[in-house]
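# I would like the atomic coordinates for the input below:
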Amino acid sequence: HNYSETVAELNAVASARPATVRLFSIGSSFEGRNLIGARVSNDSADRTDEPGVLLVAQHHAREHLTVEVALSLLHLFAESTDQTVRSLVASRQIYILPTLNPDGGEYDIASGSYRFWRKNRQPIPGSFEIGTDLNRNYSYRWGCCGGSSADPASETYRGPSPFSAPETAALRDFVNSHPNIRTSISYHSYGGLVLYPYGYTFAD
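This next block holds a predicted model:
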């Protein structure tokens, strides 16, 4: 799914399952694309007194398969008749963001061939380079421990400051406004790994 197809899919599922799927937006990307998500719950209102689960895909533009994972999970939670799944939907607020980096995702496929672009599409002040690695733009231990780069030309460029990218700032604001979120999974399609907090250390 490209960006427009992803939005169309979200709208189709929400239209087909209005009792459990409601769309929301956390803001806009640098290029103005809607950072749209779906909330799956049997509650018409977003209940922050109920445990929340946040599922986020496509931090990295070229990891297109993660969009498919998020959409597949949306279909599972929205459509499954399995009682275990239904009980999860009835007892939680499930927030699914299929793409946090729609600008980079669209740029990656714009030529008809993969560019293998990783970052967002935000120009870097004082540089001719474009893009911040959204996955390294959060504030916790920002810039520490050798896991990112201060070089704007690097694929792991962390940005000039934490939350300098509008996409990560939007996600921060969404999480801060939802204290009910108890757990989150960020989907990636490289490495074949399951990583748990915190990635800067090997200590439990």
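# going forward, measure contacts and count neighbours with C-alpha atoms only.
Will do.
# for the spatially most central residue of the chain, helix, strand, or coil?
Closest residue to the average C-alpha location of the chain: residue 56 at 3.3 Å, with C-alpha atoms, centre = their mean. With DSSP: H, G, I helix; E, B strand; the rest coil as the basis, residue 56 sits in strand.
# so it sits against residue 96, correct?
Yes: under the criterion of C-alpha atoms under 8 Å, residue 56 makes contact with residue 96 at 6.1 Å.
# quick one: the residue nearest to the centre of the chain from residue 178, how far?
Using C-alpha to C-alpha, to the nearest Å, residue 56 is found at 15 Å from residue 178.
# residue 199: neighbouring residues, count only.
Per other C-alpha atoms under 10 Å, the neighbour tally for residue 199 reads 10.
# and it, what pLDDT?
Among the per-residue scores, residue 199 shows a pLDDT of 78.
# repeat for residue 2
98.
# and for it, the neighbour number?
15.
# residues in contact with it?
105, 106 (C-alpha atoms under 8 Å, 6 or more residues apart in numbering).
# how far away is it from residue 110?
Counting by C-alpha to C-alpha, the gap from residue 2 to residue 110 is 10 Å.
# what's the answer for residue 8, then?
19 Å.
# got it, and residue 63?
Distance from residue 63 to residue 110, by C-alpha to C-alpha: 15 Å.
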